[in-house]
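Engineer: Got a predicted model here, sequence first, then my questions.
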Amino acid sequence: MKKILIGSGAGYSGDRIEPAVELAEKGNINYLVFECLAERTIAIAQQAKLKDPNAGYDALLAARFEAVLEICHKNKIKIITNMGAANPVAGAKKVKEIAAQKGLAGIKIAAVGGDDVLAVVKDGDYTLMETGEPLASIQDQLVSANAYIGAEPIVEALKNGADVVITGRVADPALFMAPAIYEFGWKMDDWNRLGQATLFGHLLECAGQITGGYFADPGYKDVAGLARLGFPIAEVQEDGSFVITKVPGSGGEVKLANCQEQMVYEIHDPKSYFTPNVVADFSGVTMTEVGKDRVEVKGGAGRPKTDSLKASIGYRDSFIGEGQISYAGPGAAARGRLALDIVEERLKLSRVEYEEIKLDLIGMNALHGEKISAGYEPYEVRARVAARTRNMREAVRIGNEVETLYTNGPAGGAGVFKSAREVVAMVSVLVPRSLVHYSIQYEVL
Amino acid sequence: MKLREIAHSRTGDKGNISNISVIAYDPAQYPLIEKYVTAEKVKEFFSDIVKGEVIRYTLPNIGALNFVMQNALGGGVTRTLSLDIHGKSLSSALLNMEIPNS
């Protein structure tokens, strides 16, 4: 029976480079997929593109393609990625340039567009999914709007002979589903197979998180070789069943526990995982260890897709100013608390305008709050003040009031860090499917 | 005993919603976590952090519970003031929960 091997080359934009090289060299894979586009990244990329029409694709696109393109070309591995971000066409041109520099020929690169729906939503009547407020309430602050499109344009590009497919916003699992749909000729209303395809896409999309990353807990869950963690491979059969594995000899492990954690990662109702191609149902999934670093996964199902697509909206929200300072030795916690009290009073005295503030003692309560963290006293603490402001001027003043603790605050204040930044935040709306049209442009070398 | 003795956990985020899995190491212990780690208990456990409702989904096939916690991340990864913008460390808090031995 025909089987295809899909490797996951990156789980986020800044992920390690070498695991993908290892997959391309030793993984015997047919497809290498890089999922590199976080929600907010595309809004920031959109701003970059406005300044420079040749910018707006992922910052590590060149580094990743320089590392794998030649090996993939040699081993006939097709590459699929959303590193196009806000500008897939410019990303495709960059890949063509890299191919030319390496003297490679016979490469077809597809740039998938059409996810940008800013013009569609701008004047429409949409409701923000998070708050129920109308989209009009942030009309003047809008930066970007990108619909999560499905596997269709990637499948079409593969049918047209693309060796590399570069997209912008596409549902993460769709990047992995597309090769199987193309290779096996799965129908786009074969809901159970598409549900199962969503499952391997979902399991692979965070790369190292299923091979031992985001998992180790010494004494309870020990994982060897995290510094050379191998990234995952799905061996997919025509009937949709698949095995998750990795390159023999690479670090990490593929066991039931990793796969279980990753299946539940970032899903809500397991019976209804909404994607552009199918409403997937993971409630009947079973997993079996069928060998060393091999887990077989079955039972993903699905129901017909909905009439709308989710779109991520980026908007200029606010500014955040922050400062941190450390205290150590006897009385460190008390001095840290005193530091926070002083800054809080200073912000009032000097009339710094902020909308929201967080006062933390890193080492004591910063991650889980007072209630859960109660009862522990550390040797050192780091006082942290973060506040939301309406403008950059006020945001800068937050960190400054932490910095002045050096000479005006408790004894032994050390290692100040301060920052101020604009916040581009994300919200979502549902856009009618009929208003979103994908496009594909090819670069051939 | 601590939940950590019989279960492992992973946190994910979508917007301002945090989801935490609690998975029994041994399928035989799934009924124990299903019995004691309820949505109400988790809501109470995270009362300082989670401002919205907590819904629990069960996945008995893989011995897992999934807690979906609304309004849990100070506005979500893109705008929160929290040091842990994703809430990734929340799973470690939950594993410190006390549950009966049987």
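Structural biologist: That came in fine, so what should we check first? Everything quoted here is computed from the prediction, not taken from an experiment.
Engineer: I'd like to know how many residues surround residue 60.
Structural biologist: Answering for chain A, as no chain was given. 17 (other CB atoms under 10 Å in any protein chain shown). All C-beta spots, glycine's among them, are computed from the backbone N, C-alpha and C.
Engineer: my bad, the chain I had in mind was chain B
Structural biologist: 13.
Engineer: residues in contact with it?
Structural biologist: Contacts for residue B:60 (CB atoms under 8 Å, 6 or more residues apart in numbering or on different chains) come out as B:30, B:34.
Engineer: How about residue A:248?
Structural biologist: Counted by CB under 8 Å, 6+ apart, residue A:248 has contacts A:26, A:293.
Engineer: So it, which state does it fall into?
Structural biologist: Under DSSP: H, G, I helix; E, B strand; the rest coil, the three-state class of residue A:248 is coil.
Engineer: And residue A:353, by the same measure?
Structural biologist: Classified using three-state DSSP, residue A:353 is coil.
Engineer: Residue A:398 is in contact with that one, correct?
Structural biologist: No. Applying CB atoms under 8 Å, one finds residue A:353 not in contact with residue A:398, separated by 10.6 Å.
Engineer: what is in contact with these two at once?
Structural biologist: Shared contacts of residue A:353 and residue A:398, counting by CB under 8 Å, 6+ apart, come down to residue A:389.
Engineer: Settle it for me: which of these two has more neighbours?
Structural biologist: Shown here are residue A:353 and residue A:398; by other CB under 10 Å, residue A:398 has more neighbours (27 against 12).
Engineer: From residue A:71, how far off is residue B:84?
Structural biologist: 37 Å (CB to CB, to the nearest Å).
Engineer: repeat for residue B:69
Structural biologist: Distance from residue B:69 to residue A:71, by CB to CB: 43 Å.
Engineer: Of these two, which one has the most company?
Structural biologist: Set residue B:69 next to residue A:71 and count neighbours by other CB under 10 Å: residue B:69 wins out with 26 against 16.
Engineer: For that one, list each beta-bridge partner.
Structural biologist: residue B:18, residue B:54 (DSSP bridges).
Engineer: Is it correct that it is in contact with residue B:57?
Structural biologist: No. Proximity of residue B:69 to residue B:57 does not meet the contact threshold set by CB under 8 Å, at 11.9 Å.
Engineer: Quick check: buried residues in the worst-scoring helix or strand of chain A on mean pLDDT?
Structural biologist: Least confident helix or strand of chain A, by mean pLDDT, DSSP states H and E, is helix A:41-51 with a mean of 89. Buried residues in helix A:41-51, counted by 16 or more other CB atoms under 10 Å in any protein chain shown: A:41, A:42, A:43, A:44, A:45, A:46, A:47, A:48, A:49.
Engineer: Just name the closest of those to residue A:133, please.
Structural biologist: Within the buried residues of helix A:41-51, the smallest distance to residue A:133 is 18.4 Å, found for residue A:43 (CB to CB).
Engineer: So the nearest residue to that closest one once chain neighbours are set aside: helix, strand or coil?
Structural biologist: Using CB to CB, 6 or more residues apart in numbering or on different chains and skipping residues adjacent in sequence, the residue nearest residue A:43 is residue A:314, 2.6 Å away. Under three-state DSSP, residue A:314 falls in the strand class.
Engineer: so what's residue A:314 up against?
Structural biologist: Counted by CB under 8 Å, 6+ apart, residue A:314 has contacts A:40, A:42, A:43, A:44, A:46, A:142, A:143, A:144, A:145, A:424, A:425, A:426.
Engineer: Among those, which one sits closest to residue A:82?
Structural biologist: Nearest member of those to residue A:82, counting by CB to CB, is residue A:42, at 9.0 Å.
Engineer: the helices in chain A, which residues?
Structural biologist: With DSSP state H, the ranges of helices along chain A come out as A:18-26, A:41-51, A:61-74, A:88-101, A:118-122, A:152-159, A:172-184, A:191-204, A:256-264, A:332-349, A:369-373, A:392-403, A:405-408.
Engineer: lowest-confidence stretch among those helices?
Structural biologist: Sorting the helices of chain A by mean pLDDT places helix A:41-51 lowest, at a mean of 89.
Engineer: Identify all contacting residues around that one.
Structural biologist: A:13, A:55-58, A:85-87, A:90, A:143-144, A:146, A:168-169, A:312, A:314-315, A:424, A:426.
Engineer: Could you turn the buried ones of those into a ChimeraX selection?
Structural biologist: Here is the ChimeraX selection string for the buried members of these, based on 16+ other CB under 10 Å:
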select /A:13,55,56,57,58,85,86,87,90,143,144,146,168,169,312,314,315,424,426
